[in-house]
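>>> coordinates only, sequence not included:
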């Protein structure tokens, strides 16, 4: 991944084509517009705690993943090697030997020893040279120390100003990035609210259409049941009329030709009347296929 901070790219074309930053993770959280309720925070805390319980890694084990420290190389410096071993073994530092800074004469038992007096004389010469070096350093400090300190202070001030300028630039870039993220997320939030309104509007329309379809189906079922009852009543009425005519014919079966002709004429008139009645009832109450066709229309 690149060193640039991750941010949502808000461009209509890029969003439509799905061209986010290639090779980087997509951040879909809108921290500036997504509300964080206490219930949601509790859920998030529970998820974090569950993840920590499932994790086999502990804070003390994080350093194990780092590469091992390379061995120390002192380049043949025995003093550095000894000091490193002392610090590694946590041993105290030996006290400072100040005997070589004193001008002690040889002890009494070596008062007549030439080598002892020679060592004392060499020590006195070393102490004298040390004091001459201190005097020279003090004279150099008095002559050039102030300018050296001024130069060092000016150098440190320059470093401080450079560091402050770098820090200010980083803060400015962070603020600019946060402003861009806020503007992008606010624009995305407005679009999300519009899409959410469209979604709920379409959902309401679908519910209304579904309720209207259900009402129409119930009305069709009622009409079909009513048509069935009307057809059944017509059928029962026709059967009753036919049974009455058959009974009348049986009663008048022994009569002459004129009576038979009159009976036949009456039957014909009854049939015609029944047909005309059925036709009129059919015109008034559509039945069967015509009613179903009307209902489908």
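Yep, that arrived. Quantities reported herein were computed from a predicted structural model and do not represent experimental measurements.

>>> Okay, helices next: where are they in the stretch 51-200 of the chain?
78-88, 114-251 (DSSP state H, counting those that start in this stretch).

>>> can those go into a markdown table with extra columns for mean neighbour count, distance to residue 55 and mean pLDDT?
Yep, even glycine has a C-beta here, placed from its N, CA and C like the rest. Below are the helices of the stretch 51-200 of the chain laid out as a markdown table (neighbours: other CB atoms under 10 Å; distance: least, CB to CB, whole Å; pLDDT from 0 to 100):
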| stretch | mean neighbour count | distance to residue 55 | mean pLDDT |
| --- | --- | --- | --- |
| helix 78-88 | 11 | 33 | 90 |
| helix 114-251 | 11 | 30 | 91 |
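
>>> Need those helices in TSV (columns: distance to residue 54).
Formatted as TSV, the helices of the stretch 51-200 of the chain follow (distance: least, CB to CB, whole Å):
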stretch	distance to residue 54
helix 78-88	38
helix 114-251	32
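
>>> Specify the stretch among those helices that is closest to residue 47.
Residue 47 lies closest, by CB to CB, to one member of those: helix 114-251, at 22.7 Å.

>>> Quick check on residue 97: phi, psi?
phi -90, psi 110 (degrees, to the nearest 10).

>>> Burial check on it, number of neighbours?
Using other CB atoms under 10 Å, residue 97 has 7 other residues around it.

>>> And it, how close does it get to residue 122?
17 Å (CB to CB, to the nearest Å).

>>> Can you report phi and psi for residue 113?
Dihedral angles (degrees, to the nearest 10) for residue 113: phi -90, psi 120.

>>> Kindly report the same for residue 94.
Taking degrees, to the nearest 10, you get phi -70, psi 150 for the backbone angles of residue 94.

>>> Can you report how many residues lie near it?
Residue 94, neighbours per other CB under 10 Å, totals 7.

>>> Could you report the separation of it from residue 82?
Residue 94 sits 11 Å away from residue 82, taking CB to CB as the criterion.

>>> wait, which of the helices of the stretch 51-200 of the chain is closest to residue 105?
helix 114-251 (5.8 Å).

>>> What helices and strands are in contact with the closest one?
Applying 3 or more CB pairs under 8 Å, 6 or more residues apart in numbering; DSSP states H and E, one finds that helix 114-251 contacts helix 257-284, helix 288-296.

>>> what's the least confident stretch among the ones you listed?
For these, mean pLDDT drops lowest on helix 288-296, to a mean of 43.
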